[in-house]
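Asker: Sequence plus the predicted model coming up.
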2 protein chains.
Amino acid sequence: MTRPRVVIIGGGFAGLTAARGLRKADVDVTLVDRTNHHLFQPLLYQVATAVLAPSDITSPIRWLLRKNTNTTVLMAEVDSIDVEKQLVHADRGRLSIPYDYLIVASGARHAYFGHDEWEPFAPGLKSLEDALKIRHRFLIAFEEAEKAPPEERESWLRFVVVGGGPTGVELAGILPDIAHHSMLDDFRNFDPRDTKIVLLEGGPRLLTAFEPDLAARALRDLQGLGVDVHLNAVVTRIEKDAVYVGDQRIPTRTVLWAAGNQASPLARSLGAPLDRAGRVLVNPDLSVPDAPHIFVTGDLAAVPYKDGQLVPGVAPAANQMGKLAAKNVRRLLADLPTLTFTYRDKGNLATIGRYRAIAEIGKVKLRGQFAWWFWLVVHLMYLATFRNRILVLIEWAYSYLTYQRGSRLLTEGEGDGVSAEPTRSTAPVVPASTGAEAVRIPSID
Amino acid sequence: MTRPRVVIIGGGFAGLTAARGLRKADVDVTLVDRTNHHLFQPLLYQVATAVLAPSDITSPIRWLLRKNTNTTVLMAEVDSIDVEKQLVHADRGRLSIPYDYLIVASGARHAYFGHDEWEPFAPGLKSLEDALKIRHRFLIAFEEAEKAPPEERESWLRFVVVGGGPTGVELAGILPDIAHHSMLDDFRNFDPRDTKIVLLEGGPRLLTAFEPDLAARALRDLQGLGVDVHLNAVVTRIEKDAVYVGDQRIPTRTVLWAAGNQASPLARSLGAPLDRAGRVLVNPDLSVPDAPHIFVTGDLAAVPYKDGQLVPGVAPAANQMGKLAAKNVRRLLADLPTLTFTYRDKGNLATIGRYRAIAEIGKVKLRGQFAWWFWLVVHLMYLATFRNRILVLIEWAYSYLTYQRGSRLLTEGEGDGVSAEPTRSTAPVVPASTGAEAVRIPSID
């Protein structure tokens, strides 16, 4: 007699928690993920800005689940779900994994509001590959500025972040720190302090998940760091060397996208009703309408919360959903009725630059340096392993004591080929002499 | 009046030392490197085997040279050297950098003895990208073994290292450690202890740079770790899923190449006499015949040492050459005769697995665990920055205390596309049931 088979798609917060919740259940669990690692997404922006190394905030999923003796971890890319035959297809048809119960936790990707043509010029920040791509773009901009003729230098030294949510604010807040401190002595043909950071938000305010007074404080903190924040600034076009707000052209070589999310396309193969962002409109117990043995969790699930809002796409929500999905599978196995999901809001946190943050925990509001220390402790606590915690703590201590970036590393194959292209492929570049005559790079033809 | 221009190609040990040797000279220095980082190559095999993270053993070149106010660092790929016009061409014609003095330190790449078609199946280990490629291949083999049908599993779990020099011995020695300890609880469809490590050496002994008795000890140590060492084993063919020694076919999905080097192709554009491995046959003062203002250093220079041997391609030799090249440039500027290069042999070191090493320092020979401690201290001392030292020390402590690998990280874009291909693209894979019935992945068609 075989045991019931539970398949979990995704090894993020929701999927991992679900697998852990089934550890002692009398089932065979298969967790499938595109990568071999669990990623601590809240610190991803620090990998993108070269503060942390990729391995600081990741851990092998199979290692995290090594004590789950009923769980097999497969690294495979899921193609589709066949709800009727109860099969998960993966690796372009190579694998077909049967299930009795399915927990879908494949998350979300960034989205470009129907402008997918912007993606090559404005990478988003969801996966580790995204972060490495952004790190590459970010670091190469300075390398290119050192080589570029003066008239092109300005656009290499202007960084535009699109989107005023937590990711956009945290990215925009950390960039001045790097430009104005970390690289101060490293270049000869320009002054890194000439770097400009622009934050574009389409709506009337930043950080809509926070109370207005905290968001206003974040805005002031950002401006204090020298970030040029534009509200009600809707991006209409992105090109290789500029971003447009209405008709206004902002010359830049580096646009970072933190503006929109779209649920994993797997949601569609469930045949369930979806919301505008592609999330599954689940039942109160997180199951899929007409498919009581399939649960959807994390960023992929649209779960009503309060005031017409949805449960936000944050780590604590994903953990809570993963836990309940596992519990509901166990209850179905025991012929018990499933339980309804109730979101417990653990609060909101965002850092602004080097020493500041804002935090809301229930009715308590924190800001400034104290909030930053709170943020630091919470993030260290939630990192997956002891090793991650130690390494992140050391990198932070190093970075904050010395103002240096630990992971200023450009490797081939991490870039996307756009920014590394020659500035002008036909005409030769003739940088004019700098005042100090430190370098002269005449061209010959 | 402009200052003399010195261009240095390469930011490895030789190039970096040369730049430092010119720090106080009244010249304008431009250092050009393909990457933005200096790499501590002696520990590269530990990145390839996921012990260390890439950023642990790298540092930004421009940061290392930030106090060299006379030095501009450019990240650019050198295309060729025009000896007559005294120009270095880079970035596919985009940059042309004039020089009065040139120091070429562009190093070597691995070579396949005329079998370049082997490269996709047998990556070598020279650059950080190489190491990431090998790490990807190495980690994905276990992931594939977990998914593969039993008859294919064996070839995923056999790792073949080609070449019995220090790199090959260090790679082969560290692999059993990982297979037999680090991943013990992580897989459900096979036992990582079934992993086989094979080391193929074409000549009659390992480690020809060492005395025969130390090399014999290394052989015994490797065999004690379970490595299957074949001497006089000349590789005749490498395919996607096998390597051939004569007519013998060894099924394997993972071949690591540590067998041969070829000097950077830039050597050819100097128009100087080269040896068989493409190295420049320099004058005793490291200058190029008929080009007294061009110096060649590091792995790119063929410098006679003793008993008909050349100065070996090791870090101390590169440092010594870089230092002398800088000194000779300074002497030419002062109208003094150049000095002859004399190699001071600092000894040889190689680790074998987790706790053993062999070392020769002058007439002193060390082996076993004491040599391993010596190796550890020397490598920590020579790492470029304090940050590197601390991080490497912690990763080592973690790895040696817990038997875990810190950087078991698979990211897209680091692989070369070969190993990630489906095992068989047309036929579906039908893994048979394991004894424990832990996973069953039937295929449907």
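Answerer: Cool, got the structure. Given the structure is predicted, the values throughout are model-derived calculations rather than measurements.

Asker: Could I get the contacting residues of the spatially most central residue of chain A?
Answerer: Most central in chain A under Cα atoms, centre = their mean is residue A:126, positioned 3.1 Å from the mean C-alpha point. If you count contacts by Cβ atoms under 8 Å, 6 or more residues apart in numbering or on different chains, residue A:126 has them with A:41, A:44, A:107, A:108, A:109, A:110, A:261. Any C-beta I mention is one placed from the backbone N, CA and C, and that applies to glycine too.

Asker: Tell me the residues on the stretch 51-200 of chain A that lie near chain B, please.
Answerer: A:53-56, A:58, A:60, A:62-63, A:66-67, A:70-76, A:85, A:87, A:91-98, A:128-129, A:132, A:139-140, A:143, A:146-147, A:185-189 (Cβ under 8 Å from any Cβ of the partner chain).

Asker: Pull out the buried members of those.
Answerer: A:53-56, A:58, A:60, A:62-63, A:66, A:70-76, A:87, A:91, A:93-98, A:128-129, A:132, A:139-140, A:143, A:146-147, A:186-189 (16 or more other Cβ atoms under 10 Å in any protein chain shown).

Asker: Break down the stretch 301-445 of chain A into its helices, ranges please.
Answerer: A:315-333, A:368-382, A:386-402 (DSSP state H, counting those that start in this stretch).

Asker: Comparing those helices, which yields the minimum mean pLDDT?
Answerer: Here the lowest mean pLDDT among the helices of the stretch 301-445 of chain A goes to helix A:386-402, at a mean of 72.

Asker: Any idea how far that one is from the middle of the chain?
Answerer: 20 Å (Cα atoms, centre = their mean, to the nearest Å).

Asker: do stretch A:210-222 as well
Answerer: 22 Å.

Asker: Now do the buried residues in it.
Answerer: Result for stretch A:210-222 [16+ other Cβ under 10 Å]: buried residues A:210, A:214, A:215, A:217, A:218, A:219, A:221, A:222.

Asker: of all those, which comes closest to chain B?
Answerer: Of all these, chain B sits closest to residue A:222, with 27.1 Å by Cβ to the nearest Cβ.

Asker: Assign a three-state SS to that closest one, would you?
Answerer: Residue A:222 falls in the helix class when you classify it by DSSP: H, G, I helix; E, B strand; the rest coil.

Asker: thinking again about what came up before, in helices, which of the residues of the stretch 51-200 of chain A next to chain B fall?
Answerer: Among those, the ones falling in helices (DSSP state H) are A:62, A:63, A:128, A:129, A:132, A:139, A:140, A:143, A:146, A:147.

Asker: Can you lay out those as JSON lines showing distance to residue A:178?
Answerer: Formatted as JSON lines, those follow (distance: Cβ to Cβ, whole Å):
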{"residue": "A:62", "distance to residue A:178": "35"}
{"residue": "A:63", "distance to residue A:178": "32"}
{"residue": "A:128", "distance to residue A:178": "20"}
{"residue": "A:129", "distance to residue A:178": "21"}
{"residue": "A:132", "distance to residue A:178": "17"}
{"residue": "A:139", "distance to residue A:178": "10"}
{"residue": "A:140", "distance to residue A:178": "14"}
{"residue": "A:143", "distance to residue A:178": "14"}
{"residue": "A:146", "distance to residue A:178": "15"}
{"residue": "A:147", "distance to residue A:178": "19"}
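
Asker: Which pair in those has the greatest spatial separation?
Answerer: A:62 and A:147 (43.4 Å; Cβ to Cβ).

Asker: lowest-pLDDT helix or strand in chain A?
Answerer: helix A:386-402 (a mean of 72; mean pLDDT, DSSP states H and E).

Asker: Contacts (any at all) between chain B and that helix?
Answerer: Yes - using Cβ under 8 Å from any Cβ, helix A:386-402 reaches chain B at A:387, A:390, A:391, A:394, A:395, A:398, A:402.

Asker: and what of stretch A:26-36?
Answerer: Yes - applying Cβ under 8 Å from any Cβ, one finds stretch A:26-36 in contact with chain B at A:28, A:30, A:35, A:36.

Asker: Phi and psi next, for the first one.
Answerer: Main-chain torsions, residue A:28, degrees, to the nearest 10: phi -100, psi 120.

Asker: Nearest spatial neighbour of residue A:193, chain-adjacent residues omitted?
Answerer: residue A:180 (5.3 Å; Cβ to Cβ, 6 or more residues apart in numbering or on different chains).

Asker: before we move on, back to that, of the ones in helices among the residues of the stretch 51-200 of chain A next to chain B, which is the nearest to residue B:354?
Answerer: Using Cβ to Cβ, those come closest to residue B:354 at residue A:63, 18.9 Å.
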